[in-house]
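Peer 1: Show me the folded form of this:
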Amino acid sequence: MKSKTLATLGGVVLMCLSLNACAPLMVAGFAGTAIVASDRRTSGAQLEDETIELRGSARIRDALGEKAHVNVTSFNRQVLLTGEVASDRDRQTIVQLVEKIENVRSVVSEMAITPISTLGERSNDLLITAKVKGSLVDSRDLFANAFKVVTERGTVYLMGRVTQREANSATNVIRNVNGVNKVVRLFEIITEEELRNLLPPPPPADKPADKKPKS
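Peer 2: Purely as a prediction, here's the structure:
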């Protein structure tokens, strides 16, 4: 298994969008999106993702200690590695460690060879993440919980199982958030039909009350 950066990996679309180069995106609204289930992964995939993140963080800590600052984010068994490492050798070591974790489907390496980020820089990234999530909540044609948001040094990484329309709409929203330098999309693209199948069934129609015969 090889890590891939900003490429197409199976059905997963990885696209880096420079905010200065983005053209306007016109997206039609979609009634009913707001009632999609809060997480489009299966319960088994959610548990696997949590386990992958815990094991990945532990293995990296055991191997490199304080020499690296790496965040492990897993969505539907695709793992995103962000943060800072001291050398390319350390970066390769981390990728290999994570690739060997059970149930990992693919690894996207976005670790930078740079000094470890400061508390202030990490706080700024957390603030940007909060603003991005707030913008998604405010959007009428998006369901915020369908997206996983990670921010590193002003770059926003988006993960999730979304339609192409949702991916474009989210990008259009996030590009206007103050402090965002770049958006990297690591989506698993689903069809509109697949999205409709994720919608909860409509409530049963109320039956008209039986009229009592006149005496």
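Peer 1: List the residues that contact Val132.
Peer 2: Each residue near Val132 by Cβ atoms under 8 Å, 6 or more residues apart in numbering is listed here: Val149, Thr151, Val156, Ile174, Val177, Val180. Backbone N, C-alpha and C define where each C-beta goes, glycine included.
Peer 1: a helix runs through it, doesn't it?
Peer 2: Yes: using DSSP: H, G, I helix; E, B strand; the rest coil, the assignment for Val132 is a helix.
Peer 1: Would you check how far apart it and Val173 are?
Peer 2: 8 Å (Cβ to Cβ, to the nearest Å).
Peer 1: Over to Ile113?
Peer 2: Taken as Cβ to Cβ, the span from Ile113 to Val173 is 31 Å.
Peer 1: Leaving out sequence neighbours, find the closest residue to Ala45.
Peer 2: Asn76 (5.3 Å; Cβ to Cβ, 6 or more residues apart in numbering).
Peer 1: Would you state the predicted confidence (pLDDT) at that neighbour?
Peer 2: The model reports Asn76 with a pLDDT of 97.
Peer 1: ok, how many other residues are close to it?
Peer 2: Applying other Cβ atoms under 10 Å, we find 19 residues neighbouring Asn76.
Peer 1: One more: Ala144?
Peer 2: Ala144 is flanked by 17 other residues according to other Cβ under 10 Å.
Peer 1: So in terms of bridging, what pairs with the nearest residue to Gln164 once chain neighbours are set aside?
Peer 2: Excluding the flanking residues, the one nearest Gln164 by Cβ to Cβ, 6+ apart is Ile189, at 5.7 Å. Beta-bridge partners of Ile189, counted by DSSP bridges, are Val162.
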